[in-house]
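A.B. asks: Provided below are the primary sequence and the corresponding predicted coordinates.
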Amino acid sequence: MSCLEPKDFCSTEQEEDVRYKGMNQGALFEDDKKDVEARGSVAVLLPYPVDKAYDYIVPEGLCVAPGDFVCVPLGNREIAGVVWGVGVGDIAPAKLKEIVLRYDIEPMTEVTRAFVDWVAGYTLAAKGSVLKMALSVPAGLTPLKPSRGFEIPAIKDVPEKGLSEQRRKVLEVMADGVVRRASEIAALAGCSSGVVAGMADKGLIEEVSVYNPAPCLYPNPEGKLADLSEDQQAASDELCALVKSGKYSATLLDGVTGAGKTEVYFEAVAQSLKQGKQVVIMLPEIALSNAFLDRFKSRFGCEPALWHSNLTSAQRRDTWRGVAQGDTRVVVGARSALFLPYKELGLIIVDEEHDPAYKQEDGVIYHARDMAVVRAHLGQIPVVLASATPSLETMMNAWEERYNHLVLTSRYGGAALPDISVVDLRSDKPERQSFLSKTLTLAMQETLDKKEQVLLFLNRRGYAPLTLCRTCGHRMECPRCTAWLVEHRRSGRLHCHHCGYHVPIPKICPSCEDKDSFAACGPGVERIFEETKALFPDARMMVLASDTTESHEELKAMIKQVEKGEVDIIIGTQIIAKGHHFPNLTLVGVVDADLGLTGGDLRAAERTYQMLHQVSGRAGRAKDKRGKVLLQSWMPEHRIMKAMAGSGRDDFLSVEAAEREVVQMPPYSRLVGIIVSGRDERLVQEISKQLGRSAPQGVSESGAKIQTLGPAPAPMVRLRGKFRYRLLVRADKAINVQKTVRAWVDSVKVPSTVRVYIDIDPQSFL
Ligand code: ADP
Ligand code: ZN
């Protein structure tokens, strides 16, 4: 289904459940307080993979309410949890343990708690696992420790006469009255920190506590305003009105690449800030968006708080606490930013809403874009989904007017959309062992002659995706996964892109023992680099893929180099395909536009279209430089190539929608993926068969259909040494799949060595 429709919020039983408990929780302050007193216990949800909140006794003198963060004993440890409601009373009071303490922090709001309950109900994950995403940084529960700062005392009782030059300099620096750390003072005064400490010992200066301010404490909504185009202004006005109304709404902000969607939603962010509310902006691959942070800073006068996997633990702690306390006003983050315990969230932006990175595939399996809509609905706030290539699900919601639809039709500043054409590889065939057609290399030459930049896009890391023995045909395969090993010439190794396994490139074929018989088959970015280097030896070139650099900082620096025009030819994977704005980049060559169309995945066509469109959108973003895109394809008559070269996005999406309707696939129905996984293949097969025998099939009284396909070995039958079998449930929308699937899966007894994963609205079918 994906991209939830408003009716989804109240049609399921879990929802009623949630609401009932929500009411219960809110009321605890008065009526239930008596209950607590009578029973003396509350239910505390812990961040562990259990669904149940456990009862704990409230010790005398402690007052707790739902949402309070508390520390409780569990086994022989003490851990942090959240008061979820009144005690369930299913355990004899004599056996209950006492709450150890209540943390001095704002309670988790009722909306956040309802969200945790809802997400657990929808994804069929344990409530505690969902709570863990909201309580991801327990260190944030305790107040920050102050560090030592110094200032000039109000009353000076030590004579300043006869001071050393260094000490006099320190006093000079400190004369402005600002409290600073010893190291900062020392740096300004040009002395060592020891001098400062010595002065404090003598009473010349005074030690005081200083705290780091929460990140993004005072963004300025009235900061530097952008000069919006007419289109942008109209869209911004509508968004701001929605924010002002203070109600739930979902809006698709739909605009071509380079339309300036960011500036538009920044106005909505400003409006929300003016109303005293917090904002979360979700972005895929956040860590790379240097330019985005600069734009934010220039609009709001400070950097946003960041939330992604590449933060230090101190950064995580400060942001988590800042968000919970309501001090941190804007968070820019990856999908997990949605689960932070906001004190007063007023607006959610999901940029590049179509991006597959919003789906979390392990732990709690959820789609952050869909959950963002749910979060907005529960909190009665607006959510904005922005994209140049909206997902079919979101587009349907816009077509059927469940979502508002704001459209920006042209690029900002008069830049034209690029000129896209398809290179037919059947007639314009690259030389043997090369991958770039004559048409593309000529266009590259022209572009370089004009001193403009070229991007060659190939969504494949490494040198070659397959290594084959020329003598016996043996293919180098990962011993732990159903996957070929990918040659990486830089490291001289073969890598598995699924589990991280790697070995040196063997000299001798393990099968026929022939020497030096291996041949690289197909291209990866490293191989395209090699070919390009031979063609344009003087060009400055760079490979940009997620594994070409050690750190995100390095990657950011490389992107900066591209922005500054220090690179002529960029060869990159999807990491470079989206979001970036390179004004001097005028030619995009897609090495293999057909890649991604194989495999027969439900969304293969949609995803390929989105990817090609996004990468094409990097070309010609400056006004005076028209961009050109060349898509190399073996099947130029495919409807995707036709749509790219002219017939357009909406036609493409309509055809895609019609095809899905015929086969009753999402968004016209719901899918649930079941993955059975374990080291013992026989056992995995056995459990899969048992599930298959009792799988939901048939037609309900109201005529709604449900079918289950499988079990069958997964396309990736082995992953990290485990065997995987799959079943796929397809259900009409009228069916409560969660309830059906839960009851079905629970009916099969699964040994501890086998895991059954439930993937609601699966995106991956591997
Ligand atoms: P999109 O996200 O829609 O692809 P962006 O928001 O990245 O487009 O905008 C494209 C470029 O145009 C950016 O460099 C941005 O700074 C610039 N831009 C957009 N709107 C404005 C504006 N109103 N004033 C100045 N620059 C703008
Ligand atoms: Zn592997």
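C.D. replies: Now that the structure is in, tell me what you want to look at. Ligands and ions are numbered 1, 2, ... in the order given.

A.B. asks: Contact residues of this structure facing ligand 2?
C.D. replies: 478, 480-481, 496, 498-499, 501 (CB under 5 Å from the ion). Every C-beta, even on glycine, is put in place using the N, C-alpha and C of the backbone.

A.B. asks: Which one (most neighbours) among those residues?
C.D. replies: Cys478 (24 neighbours; other CB atoms under 10 Å).

A.B. asks: for it, what are its contacts?
C.D. replies: By CB atoms under 8 Å, 6 or more residues apart in numbering, the contact list for Cys478 reads 484-485, 496, 498-499, 501.

A.B. asks: Mind putting the residues of the chain next to ligand 2 into CSV with distance to Pro356?
C.D. replies: Shown next, in CSV, are these (distance: CB to CB, whole Å):
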residue, distance to Pro356
Cys478, 23
Arg480, 24
Cys481, 20
Cys496, 21
His498, 16
Cys499, 20
Tyr501, 24
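
A.B. asks: Of the residues you listed, which is the nearest to Ala94?
C.D. replies: Distance ranking of these against Ala94, using CB to CB, places Cys499 first at 49.5 Å.

A.B. asks: Just give me the neighbour total for the nearest residue to the closest one once chain neighbours are set aside.
C.D. replies: Excluding its sequence neighbours, the residue lying closest to Cys499 (CB to CB, 6 or more residues apart in numbering) is Arg720, at 4.5 Å. Arg720 has 16 neighbours, counted by other CB under 10 Å.

A.B. asks: Go through the residues of the chain next to ligand 2 and flag which are in strands.
C.D. replies: Within the residues of the chain next to ligand 2, no residue falls in strands by DSSP state E.

A.B. asks: in which helix or strand would I find the closest residue to ligand 1 within the stretch 501-650 of the chain?
C.D. replies: Of all residues in the stretch 501-650 of the chain, the one sitting closest to ligand 1 is His581 (4.4 Å; CB to the nearest ligand atom). Assigned by DSSP states H and E, His581 falls within no helix or strand.

A.B. asks: count of residues packed around it?
C.D. replies: 16.

A.B. asks: wait, it sits on Ala622?
C.D. replies: No. Assessed by CB atoms under 8 Å, His581 is found out of contact with Ala622, at 9.1 Å.

A.B. asks: I'd assumed Leu727 was in a strand, is it?
C.D. replies: Yes. Counting by DSSP: H, G, I helix; E, B strand; the rest coil, Leu727 is part of a strand.

A.B. asks: Give me the distance between it and Gln697.
C.D. replies: 11 Å (CB to CB, to the nearest Å).

A.B. asks: what is in contact with the two at once?
C.D. replies: Contacts common to Leu727 and Gln697, judged by CB under 8 Å, 6+ apart, are Thr708.

A.B. asks: show me what contacts the residue of the stretch 151-300 of the chain found nearest ligand 2?
C.D. replies: In the stretch 151-300 of the chain, the residue that lies nearest ligand 2 is Glu285 (23.3 Å; CB to the ion). Listed by CB under 8 Å, 6+ apart, the contact set of Glu285 reads 334, 357, 575, 578-579.

A.B. asks: Of those residues, which count as buried by neighbour count?
C.D. replies: The neighbour count (16 or more other CB atoms under 10 Å) marks 334, 575, 578-579 as buried among those.

A.B. asks: sorry, back to before: and the residue nearest to Cys499, how far from Leu188?
C.D. replies: If you go by CB to CB, the gap between Arg720 and Leu188 works out to 53 Å.

A.B. asks: do Val364 as well
C.D. replies: 48 Å.

A.B. asks: out of these two, which sits in the busier spot?
C.D. replies: Using other CB under 10 Å, the more surrounded residue of Val364 and Leu188 is Val364, with 20 against 14.

A.B. asks: What sits closest to that one if chain neighbours are left out?
C.D. replies: Nearest non-adjacent residue to Val364, counting by CB to CB, 6+ apart: Ala125, 4.2 Å away.

A.B. asks: repeat for Leu612
C.D. replies: Per CB to CB, 6+ apart, closest to Leu612 is Met644, 5.5 Å.

A.B. asks: residues contacting that neighbour?
C.D. replies: Residues in contact with Met644 (CB under 8 Å, 6+ apart) are 420, 422, 593, 609, 612-613, 616, 629, 631.

A.B. asks: just checking, which of the residues you listed belong to helices?
C.D. replies: Cross-referencing the contacts of Met644 against helices under DSSP state H gives 609, 612-613, 616.

A.B. asks: Redo these as CSV? Include pLDDT.
C.D. replies: Below are these laid out as CSV (pLDDT from 0 to 100):
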residue, pLDDT
Tyr609, 93
Leu612, 93
His613, 91
Ser616, 92
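
A.B. asks: so which of those residues comes closest to Arg693?
C.D. replies: Tyr609 (39.2 Å).

A.B. asks: residues contacting that closest one?
C.D. replies: Contact analysis of Tyr609 by CB under 8 Å, 6+ apart lists 389, 640, 643-644, 649, 652.

A.B. asks: Can you identify each of the helices in the stretch 201-350 of the chain by residue range?
C.D. replies: Secondary structure of the stretch 201-350 of the chain (DSSP state H, counting those that start in this stretch): helices at 230-245, 261-274, 290-300, 313-325.

A.B. asks: Just give me how far the third one sits from the chain centre.
C.D. replies: Put plainly, it is helix 290-300. Computed by CA atoms, centre = their mean, to the nearest Å, the chain-centroid distance of helix 290-300 equals 19 Å.

A.B. asks: in it, what's buried?
C.D. replies: 291-292, 295-296, 299-300.

A.B. asks: Mind giving me the packing neighbours of it?
C.D. replies: helix 261-274, strand 330-333, helix 552-563 (3 or more CB pairs under 8 Å, 6 or more residues apart in numbering; DSSP states H and E).

A.B. asks: and it, what's its mean pLDDT?
C.D. replies: Throughout helix 290-300, pLDDT has a mean value of 90.

A.B. asks: Could you do the first one as well?
C.D. replies: Helix 230-245 comes out with an average pLDDT of 96.

A.B. asks: could you give the angle of that helix to helix 261-274?
C.D. replies: 30 degrees (axes from the mean of the first three to the mean of the last three CA atoms, to 10 degrees).

A.B. asks: The residue nearest to Cys499 and Val503, how far apart?
C.D. replies: In terms of CB to CB, Arg720 sits 16 Å off from Val503.

A.B. asks: what's the answer for Leu131, then?
C.D. replies: Between Leu131 and Val503 the computed distance is 41 Å (CB to CB).

A.B. asks: the more surrounded of the two?
C.D. replies: Using other CB under 10 Å, the more surrounded residue of Leu131 and Val503 is Leu131, with 29 against 13.

A.B. asks: now the more buried one, what's its secondary structure?
C.D. replies: Applying three-state DSSP: Leu131 is helix.

A.B. asks: per-residue pLDDT, it?
C.D. replies: 98.

A.B. asks: Just want to check the distance between it and Asp51.
C.D. replies: Separation of Leu131 from Asp51 (CB to CB): 10 Å.

A.B. asks: likewise Leu442?
C.D. replies: According to CB to CB, Leu442 stands 62 Å off from Asp51.

A.B. asks: Between those two, which has more neighbouring residues?
C.D. replies: Neighbour count, other CB under 10 Å: between Leu442 and Asp51, Asp51 has more, with 14 against 11.

A.B. asks: Which element, helix or strand, includes Ala712?
C.D. replies: According to DSSP H and E, Ala712 maps onto strand 705-719.
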